[in-house]
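K.L.:
sequence and predicted structure are below.
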2 protein chains.
Amino acid sequence: MALKVYADRMSEPSRAVLIFCKINGIDFEEIQVDVLKGQQFTPEYKAINPMHQIPAIVDGQLKLFESHAILIYLSCAFPGVARHWYPSDPSKRAKIHSVLDWHHSYLRRGAAGLIFNSILAPLHGFRAYPQVIIQAEEILLRSLSKLENVWLKDGGFLIGSSKPSIADISLACEVMQLEVLSEKDYHRILDPYKRVKKWIDDVRSVTAPHFDEVHEYLYESQKVYREKMVIQSGKNKTRSKI
Amino acid sequence: MALKVYADRMSEPSRAVLIFCKINGIDFEEIQVDVLKGQQFTPEYKAINPMHQIPAIVDGQLKLFESHAILIYLSCAFPGVARHWYPSDPSKRAKIHSVLDWHHSYLRRGAAGLIFNSILAPLHGFRAYPQVIIQAEEILLRSLSKLENVWLKDGGFLIGSSKPSIADISLACEVMQLEVLSEKDYHRILDPYKRVKKWIDDVRSVTAPHFDEVHEYLYESQKVYREKMVIQSGKNKTRSKI
């Protein structure tokens, strides 16, 4: 029985797992869990992941969630995976864990917090707190600065490596999520970080054609979200005139 | 040269690393970095950790930060560490990574967010957002419910293990941070979670006497913070009457 990957391509950690499987030739079945439709709350999915998060995998008896845990597991359990994705050298591996852990509390928190509260929540009727948006953007800008000046300071991939690791895929998919911001906000936030932009291109290139193929749904969604934001902005202007 | 551990015992991940070193008989030097005094921003500490977080370690040439990455590294690099702390079985190890990753975005975010914004920020003059406090408490309550009903559902230690792992130390130190809440809030938040409270006692017991010794500074701080909160509450009442 092939590996099963439960994913929603609008979710950045889902995309990271999908790209990783594809670039490493891992045989898997992709099962779509549409988060905006609440499919993560079905009893069937709860049996896979009681936390209702995506992505998750089922590999034989093992049910596993949390994308970093999944990427590490796949790197170790599938012999065809090249060693540079998760090096066995204790110091290099420790540094990769350090980047992955930092990602949770900084880059993920900032990027996902900003996108959810400023774009997805108002357009899909979820509750959002304006102060949380301010805090999320502060965290995101600090995180991009650290990504540029600490993790990418030596050039190449993260922590100065000449070959990518699972951390590159995971963090690059996070930065890609910013594509659903308005064009103005996207450039305001990301343009100051030249190394980050070059690194995204490098990750795209080294995982081609899978990076763009898996991000296709995000690119399409970008158009839809940007159109909705323009309409929403027009409504708000009309309301403020009334 | 012995391992150096840069830590502040008011920080829950610092305490996790210190308890782990002590229970495993790892020879180390503890170097205090007082976060409330801003000692994490000195040039000397920046050379250890450019992210200005604690804890961090220096082991020979390796400088490492992020407590989970440190706990994993220590488990692998020090041969005296018993295997149950970080099992080599791929599925068990994957489950431990899953708990540790979940911790970042849920339990840590809720507990640390609530404590910082509702207690530390107002008492130490940092900026805090009221809506962030509301959101942090929501996340904390959901996380404690998942800790009780998912991670501890099979009894024993996390993921139903008969022996503790690095995840038990890390998450237990996080829950312990709630001790600085007011007595009323502490009981309101934690009392519904019987399994969580028993598990904390089990982690304390299996890491005795180090757990209480390393938490001694938190217990002393609890008294100070609770007295300050009473004074602050009195001032607010007087102001509202005026």
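P.N.:
Noted; the coordinates are in hand. Bear in mind that the values here come from a model prediction, so they are computed numbers and not experimental data. Residues are numbered from 1 along each chain as shown, chains lettered A, B, ... in the order given.
K.L.:
for the lowest-mean-pLDDT helix or strand in chain A, packing partners?
P.N.:
Of all helical and strand segments in chain A, the minimum by mean pLDDT, DSSP states H and E falls on helix A:210-241, at a mean of 83. Secondary-structure packing of helix A:210-241 (3 or more C-beta pairs under 8 Å, 6 or more residues apart in numbering or on different chains; DSSP states H and E): helix A:12-23, helix A:121-124, helix A:166-176, helix A:194-206. To be clear about C-beta, it is placed using only N, CA and C from the backbone, and glycine gets the same treatment.
K.L.:
so which of those is nearest chain B?
P.N.:
helix A:12-23 (9.7 Å; C-beta to the nearest C-beta).
K.L.:
and the contacts of that closest one?
P.N.:
A:3, A:5, A:7-9, A:26, A:28, A:30, A:54-55, A:57, A:67, A:70-71, A:74, A:85, A:111-112, A:166, A:169-170, A:173-174, A:176-177, A:207, A:210-211, A:213-215, A:218 (C-beta atoms under 8 Å, 6 or more residues apart in numbering or on different chains).
K.L.:
just to revisit the earlier point, worst average pLDDT in the helices and strands packed on helix A:210-241?
P.N.:
Among the helices and strands packed on helix A:210-241, helix A:121-124 carries the lowest mean pLDDT, at a mean of 85.
K.L.:
can it be found next to chain B?
P.N.:
No - with C-beta under 8 Å from any C-beta of the partner chain as the criterion, chain B is not reached by helix A:121-124; the gap is at least 11.9 Å.
K.L.:
now that helix: buried residues?
P.N.:
For helix A:121-124, the neighbour count (16 or more other C-beta atoms under 10 Å in any protein chain shown) marks residue A:121 as buried.
K.L.:
and if you look at stretch A:3-20?
P.N.:
Within stretch A:3-20, the residues that count as buried by 16+ other C-beta under 10 Å are A:3-20.
K.L.:
close to chain B: what parts of chain A are there?
P.N.:
Residues of chain A lying near chain B (C-beta under 8 Å from any C-beta): A:50-51, A:61-62, A:64-70, A:72-73, A:76-77, A:90-91, A:93-95, A:97-98, A:100-102, A:104-105, A:108-109, A:129-132, A:134-135, A:146, A:149-150.
K.L.:
okay, and which of those map to helices?
P.N.:
Mapping the residues of chain A next to chain B onto helices (DSSP state H) picks out A:67-70, A:72-73, A:76-77, A:90-91, A:93-95, A:97-98, A:100-102, A:109, A:130-132, A:134-135, A:146.
K.L.:
of the residues you listed, buried ones?
P.N.:
A:67-70, A:72-73, A:77, A:91, A:93-95, A:97-98, A:100-102, A:109, A:131-132, A:134-135, A:146.
K.L.:
need the pLDDT of the nearest residue to residue A:229 once chain neighbours are set aside.
P.N.:
Leaving aside its sequence neighbours, residue A:229 sits nearest to residue A:182 (C-beta to C-beta, 6 or more residues apart in numbering or on different chains; 5.5 Å). Predicted confidence (pLDDT) for residue A:182: 92.
K.L.:
residue A:182 is in contact with residue A:226, isn't it?
P.N.:
Yes - with contact defined as C-beta atoms under 8 Å, residue A:182 and residue A:226 form a contacting pair (6.2 Å).
K.L.:
overlap in contacts, the two.
P.N.:
With C-beta under 8 Å, 6+ apart as the test, residue A:182 and residue A:226 reach no residue in common.
K.L.:
how many neighbours does residue A:190 have?
P.N.:
18 (other C-beta atoms under 10 Å in any protein chain shown).
K.L.:
for it, list the residues it contacts.
P.N.:
Residue A:190 sits in contact with A:144, A:175, A:178, A:196-197, where contact means C-beta under 8 Å, 6+ apart.
K.L.:
and stretch A:101-112, how far out from the chain middle?
P.N.:
Stretch A:101-112 sits 10 Å away from the centroid of its parent chain (C-alpha atoms, centre = their mean, to the nearest Å).
K.L.:
please save the CA atoms from that stretch in CSV.
P.N.:
C-alpha atoms of stretch A:101-112 as CSV (Å, rounded to 0.1, in the frame of the first residue of the first chain):
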residue,chain,number,x,y,z
ASP,A,101,12.0,25.1,15.1
TRP,A,102,12.7,28.8,14.6
HIS,A,103,10.3,28.6,11.6
HIS,A,104,7.3,27.7,13.8
SER,A,105,7.6,30.6,16.2
TYR,A,106,8.7,33.3,13.8
LEU,A,107,8.3,33.0,10.0
ARG,A,108,5.3,30.7,10.2
ARG,A,109,3.6,32.7,13.0
GLY,A,110,4.2,36.0,11.1
ALA,A,111,3.3,34.9,7.6
ALA,A,112,0.4,32.6,8.4
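K.L.:
do me a favour and average the pLDDT over that stretch.
P.N.:
pLDDT averaged over stretch A:101-112 gives 96.
K.L.:
outside of stretch A:66-81, which residues touch it?
P.N.:
By C-beta under 8 Å, 6+ apart, stretch A:66-81 touches A:3, A:13-14, A:16-17, A:20-21, A:24-26, A:53, A:55-57, A:59, A:62, A:64, A:85-86, A:100, A:103-104, A:166, A:169-170, B:90, B:93-95, B:97-98, B:100-102.
K.L.:
could you tell me the end-to-end distance of stretch A:45-53?
P.N.:
9 Å (C-alpha to C-alpha, to the nearest Å).
K.L.:
how does chain A divide into domains?
P.N.:
In terms of domains, chain A is parsed into A:3-81, A:90-241 (source: automatic domain parsing).
K.L.:
quick check: residue A:82 touching residue A:88?
P.N.:
No - Residue A:82 is beyond contact range of residue A:88, at 11.9 Å (criterion: C-beta under 8 Å).
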